[in-house]
Structures are given as C-alpha cells and as structure tokens.
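Trainee: Sequence and predicted structure below; questions after.
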Amino acid sequence: MNRIILSVDMDMFFAAVEIRDNPELKGKPLIIGALPHERGVVSTCSYEARKYGVRSAMSIKEAYRLCPQGIYMHPNMKKYKEASDAVHGIWAAYTDLIEYVSLDEGFMDITGSAHLFGAGSSGGGAEKIANEIKKRTKSETGLTCSVGIGYSIMSAKLASEELKPDGLFSIPNPESLISLIIRFRKFVLQNIVFFDIIYLNLRSRPLRIYHLVSSSFGSTFGSKHDFGSNEKLKTQQPHGFSAMKC
C-alpha cells in the first residue's frame, strides 16, 4: 500500500491570529517580532508586508527599511499556543501518526485512515480529509491553512507550498512529481531571457524585480512564501511515526 502523507501548514500563523483578533489589521502590512527601534528578527508577517520584501528571520532593522509604514508588534506566544492546540486537536481526529514540525505546521500519515473517508488511496479519502481539515480550521479557529497530499514527506511539503495561501494540492506518486519538475523546467527555459534580466537587475533594483516576479508568476506555480516557519516548538513524535521518511 502506498503511503499517504498530508502536510498541513497554517498561513502566516502569528500574523493571522493577530488579524483574527483585531480585524482592523486586515489588509495592512503587519510584522510580528519586535518594534522598529529594538533589536530582533521577524517571526512572521502578513502577505501585505511580504509584497515589500519582508520575510521571516529578517532583521527588524532591514524589515523597517523595506516597509517603514508597517505595523510592528511583539509576539503573543500564549495566544499562539492556544490557537496551535486547537489546530492540532483537529488533526488528531484523522490519525494518531502526526509529526509536529512547529506550532503551525505538521505531517500526518493517513495511510491507515484514508479509506474511512472515501474510496481510493490517494484520491477520495485523502482529499476529503484535507478538505475537512481546511473547513474545520476555518470554522473552529478563524484561520486558514494550506494542505498538501503526497506519497512522502517531501512530496507532501512541496504540494502544500504549491497553492499557498489557503490551498490544496496533490502529488500522489513519483510520476506526478516528475511531471511537475518537467513543467517547471520548461517554464524556466521558455523564460530564460526574463530570468537573465532579473539576475542582472536584482542587486540594483530588488524591490521592483520582486514585484515583477510576484505579479507575473506568483499564480503559475503557487506563491512561494516561507518553506517553513521559524516559530519553534519541541518536536512531538508519537510512537510509530519515526519510520516515515522523506
């Protein structure tokens, strides 16, 4: 039986919790980490802030240089932990084989439970679980997540990044992954002149180039935000999950 792995990644988790609790922050460049005059790094930020080039793990000084109009806040870890516990509780309803990567991200092995939710291995059952997780996350916590379905940890993670935010994508077998890589390779070759221009101009005009790439290609292969979050949580690894490899 092929393994069925879900990668669940909350969207801009810390920032999303703050926006949920204070709707006036919606649509504004929100940076969680430290205040502009303090030393520190960006824990996470809203997608509006990312349009200016702000990224997780960036120094607050650099973030402020790129986005002086942003709203800067200290993280509220107690509140984020409560939201994380609620999300983890939803995941646990579908399998007990869960590897928590951080407060807002984890991998679920649903190989043994997918058939309970529909016919097919990587098809109906897995997609139904993924959709239920997304729906319950939104209704029970007011937050969104991106879910990837894969045959391994690596393929599931790549799938969860493909249509972020609030996306659902499946890479059910190695052939699907190879097809995705080939499509991307053809895309790069067809636009090699464009990428040469980006390379030549990146150092002198990074912000303009960033906007150009985001607006032109962001929806083609999914918005490539942070591969993982830098919020840290001691990894919980239930018995039996250690055999799951990339």
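Mentor: Looks like it came in fine.
Trainee: which parts of stretch 124-136 are buried?
Mentor: Within stretch 124-136, the residues that qualify as buried by neighbour count (16 or more other CB atoms under 10 Å) are 125, 126, 127, 128, 129, 130, 133, 134, 136. Bear in mind the C-beta positions are built from the backbone N, C-alpha and C, glycine included.
Trainee: shouldn't the second one be in contact with residue 109?
Mentor: No: under the criterion of CB atoms under 8 Å, residue 126 makes no contact with residue 109, lying 11.2 Å away.
Trainee: what do the two both touch?
Mentor: Counting by CB atoms under 8 Å, 6 or more residues apart in numbering, the contacts common to residue 126 and residue 109 are residue 4.
Trainee: ok, back up a step: which one of the buried residues of stretch 124-136 is nearest to residue 99?
Mentor: Set against residue 99, the nearest of these by CB to CB is residue 133 (15.4 Å).
Trainee: State the pLDDT value of the closest one.
Mentor: Per-residue pLDDT puts residue 133 at 97.
Trainee: want to throw the buried residues of stretch 124-136 into JSON lines with distance to residue 164?
Mentor: As requested, the buried residues of stretch 124-136 are arranged in JSON lines below (distance: CB to CB, whole Å):
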{"residue": "125", "distance to residue 164": "23"}
{"residue": "126", "distance to residue 164": "18"}
{"residue": "127", "distance to residue 164": "17"}
{"residue": "128", "distance to residue 164": "21"}
{"residue": "129", "distance to residue 164": "19"}
{"residue": "130", "distance to residue 164": "14"}
{"residue": "133", "distance to residue 164": "15"}
{"residue": "134", "distance to residue 164": "12"}
{"residue": "136", "distance to residue 164": "19"}
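Trainee: and of the residues you listed, the nearest to residue 59?
Mentor: Within these, the smallest distance to residue 59 is 33.6 Å, found for residue 134 (CB to CB).
Trainee: I'd say residue 43 and residue 33 touch.
Mentor: Yes: look at residue 43 against residue 33 with CB under 8 Å: they come within range, at 4.6 Å.
Trainee: shared neighbours of the two, which are they?
Mentor: residue 75.
Trainee: which SSE is residue 31 in?
Mentor: Secondary-structure assignment from DSSP states H and E places residue 31 in strand 30-32.
Trainee: In its sheet, which strands sit next to the helix or strand following that strand, and in what direction?
Mentor: Proceeding N to C from strand 30-32, the next assigned helix or strand is strand 44-45, under DSSP H and E. Based on DSSP bridges, the strands next to strand 44-45 in the sheet, each with its direction, are strand 30-32 (antiparallel).
Trainee: Quick one: mean pLDDT over the strand it pairs with.
Mentor: Here the mean pLDDT over strand 30-32 is 98, rounded to a whole number.
Trainee: same question, stretch 157-170
Mentor: 94.
Trainee: try stretch 7-15
Mentor: With pLDDT averaged residue by residue, stretch 7-15 scores 97.
Trainee: Quote the end-to-end distance of it.
Mentor: Distance between the two ends of stretch 7-15: 20 Å, counting by CA to CA, to the nearest Å.
Trainee: Quick one: distance of that stretch to the chain centre.
Mentor: Per CA atoms, centre = their mean, to the nearest Å, the displacement of stretch 7-15 from the mean C-alpha position of its chain is 5 Å.
Trainee: And the pLDDT at residue 181?
Mentor: Per-residue confidence for residue 181 comes out at a pLDDT of 83.
Trainee: Can you tell me the SS state at it?
Mentor: Judged by DSSP: H, G, I helix; E, B strand; the rest coil, the three-state class of residue 181 is helix.
Trainee: for it, what are its contacts?
Mentor: Going by CB under 8 Å, 6+ apart, the list of residues near residue 181 is empty.
Trainee: Quick check on the residue lying closest to residue 92 once chain neighbours are set aside: phi, psi?
Mentor: Counting by CB to CB, 6 or more residues apart in numbering, residue 98 is the residue found nearest to residue 92 once chain neighbours are left out, at 6.7 Å. Torsion angles at residue 98 (phi, psi; degrees, to the nearest 10) stand at phi -130, psi 130.
Trainee: Thanks a lot, see you next time.
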